[in-house]
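J.: Build the 3D model from these lines:
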Amino acid sequence: MYPSEATVISEQPKRRAWPRVLGRFSTHDLLLLTHLLTMGVLVAMVFPAPGTHDVARRILSTTALLVGACLIGRDPRLPAALRSGLYRVAMVATVLASYLMLRWTLPVVAPQSYDAALSKIDVAIFGVEPTLWLEPRMSPAIVEYLAFFYFSYFIISGLYALVALGPGSSSETSAEFAVGTAVVYGIGQLGYALVPGYGPTSFLSAQYAGPLEGGFFWQAVLSTVDAGGAMKDIFPSLHTAGPVWYSLFAWSRAKRTGALRWKLFALVTTFFAMNIVVSTVALRWHYVIDLAAGLALAGTASWLSTRAVGWEQRLRERAGLRSAWDFG
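T.: Got it, this is the predicted structure:
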């Protein structure tokens with residue numbers, strides 16, 4: 001029995017709906033939107049508590065930025081260079097804005113602290129709190145050395161965004177980087193809301209002999225954290241997850257392309273990542289359990305990124321759509 005004409009017509013919108021969505025929103029877009037939606041739900045659960053109105057406006061503004069970038073960035077009526085540039089800048093701005101707003105979001109949705117539980121896990125594993133064990137071994141020279149690497153996290157993040165999303169980057173490179181980065185920062189920032197804490201520098205302050213002493217880079221770290229830090233952002237450690245993810249991403253690109261520059265990126269980033277991971281504990285920002293969670297998150301992002309990009313590309317090919325990063 002052949003379907004009636006009415007049935008065929010009624011099914012056509014269903015067949016075309018997914019390609020239309022796929023044409024405007026890619027995997028990384030949906031991951032970021034899911035993160036923002038989740039944070040919005042957490043805020044709605046405590047609304048209208050003090051501060052929730054302001055936080056809700058910030059979340060809505062960032063969501064509008066992301067949706068607008070997707071719609072403008074994939075509008076064929078606009079010049080390719082313009083919409084491509086605007087879209088890529090907006091992606092970076094979305095991730096940055098989602099972190100910066102945590103300074104206001106976390107006190108509203110996560111007023112509690114899990115420092116005691118996290119520190120207890122460290123002590124159960126090592127027999128002593130690692131940051132307290134390290135304190136007698138922390139000279140001003142060592143503090144400054146580690147502070148340099150801790151501060152380099154911000155520079156490395158910017159450089160990778162430029163290399164992976166900037167002019168000359170391939171569609172595959174941009175897609176893999178965008179998905180992995182969305183996983184790291186989307187899940188990582190959600191972790192801050194679910195397992196909030198102030199870190200050893202605050203929770204164990206009475207047990208330290210005194211503050212750490214360093215030089216220029218240590219002061220730069222303190223100033224940066226004071227100016228833009230979320231204050232309760234410890235689990236998982238994104239200072240661990242981010243650099244390790246960048247290292248894994250670079251090694252993946254080196255293996256896939258065989259390009260010398262990616263091998264150099266991978267070697268240098270791995271060296272920096274190792275020092276950054278150590279610095280997060282030695283400089284009293286994180287518990288070791290935070291690092292373990294960060295390493296797991298980086299590994300998950302690396303595993304998912306290549307698979308998600310391949311899955312999406314196959315969907316796009318079946319729907320007759322070009323790559324989400326192909327704006328030509």
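
J.: can we go C-alpha only for contacts and neighbour counts from here?
T.: OK.

J.: which stretches of the stretch 1-150 of the chain have low pLDDT?
T.: 1-23 (pLDDT under 70).

J.: count of neighbours near Leu222?
T.: Leu222 has 13 neighbours, counted by other Cα atoms under 10 Å.

J.: longest helix anywhere in this protein?
T.: helix 288-319 (DSSP state H).

J.: Which strands and helices lie in contact with that helix?
T.: With contacts taken as 3 or more Cα pairs under 8 Å, 6 or more residues apart in numbering; DSSP states H and E, helix 288-319 sits against helix 5-24, helix 27-46, helix 115-126, helix 171-194, helix 238-257.

J.: Throw these into JSON lines and include distance to Thr269, thanks.
T.: What follows is the helices and strands packed on helix 288-319, written out as JSON lines (distance: least, Cα to Cα, whole Å):
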{"stretch": "helix 5-24", "distance to Thr269": "33"}
{"stretch": "helix 27-46", "distance to Thr269": "23"}
{"stretch": "helix 115-126", "distance to Thr269": "27"}
{"stretch": "helix 171-194", "distance to Thr269": "15"}
{"stretch": "helix 238-257", "distance to Thr269": "5"}
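
J.: Please produce a markdown table containing those, extended by mean neighbour count and distance to Leu82.
T.: Output for the helices and strands packed on helix 288-319, formatted as a markdown table (neighbours: other Cα atoms under 10 Å; distance: least, Cα to Cα, whole Å):
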| stretch | mean neighbour count | distance to Leu82 |
| --- | --- | --- |
| helix 5-24 | 12 | 16 |
| helix 27-46 | 19 | 19 |
| helix 115-126 | 16 | 46 |
| helix 171-194 | 23 | 17 |
| helix 238-257 | 23 | 27 |
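
J.: which residues touch the residue found closest to Trp262 once you drop the neighbours it is linked to in the chain?
T.: Using Cα to Cα, 6 or more residues apart in numbering and skipping the chain neighbours, the partner closest in space to Trp262 is Ala254 (4.8 Å). The contact partners of Ala254, by Cα atoms under 8 Å, 6 or more residues apart in numbering, come to Leu260, Arg261, Trp262, Lys263, Ala266.

J.: Relative to Val221, which of these is nearest.
T.: Ala266 (24.6 Å; Cα to Cα).

J.: For Leu82, see how far away the closest one is.
T.: 31 Å (Cα to Cα, to the nearest Å).

J.: Mind checking which of these two has more residues around it?
T.: Per other Cα under 10 Å, whichever of Ala266 and Leu82 has more neighbours is Ala266, with 21 against 12.

J.: Ramachandran coordinates for that one?
T.: Here is the backbone geometry of Ala266 (degrees, to the nearest 10): phi -60, psi -40.

J.: and it, what does it touch?
T.: Ser247, Leu248, Phe249, Ala250, Trp251, Ala254.

J.: The fourth one against Val268, yeah?
T.: So that's Ala250. No - taking contacts as Cα atoms under 8 Å, Ala250 lies outside contact range of Val268: 9.9 Å.

J.: Thought Ala298 was touching Pro236, still the case?
T.: No - contact criterion Cα under 8 Å: Pro236 and Ala298 do not qualify, at 10.2 Å.

J.: Mind listing what's buried along stretch 88-96?
T.: For stretch 88-96, the neighbour count (16 or more other Cα atoms under 10 Å) marks Arg88, Val89, Ala90, Met91, Val92, Thr94, Val95 as buried.

J.: Show me what the host helix or strand of Ser152 is packed against.
T.: Using DSSP states H and E, Ser152 falls within helix 140-165. Applying 3+ Cα pairs under 8 Å, 6+ apart, we find helix 140-165 packed against helix 171-194, helix 216-228, helix 238-257, helix 260-282.
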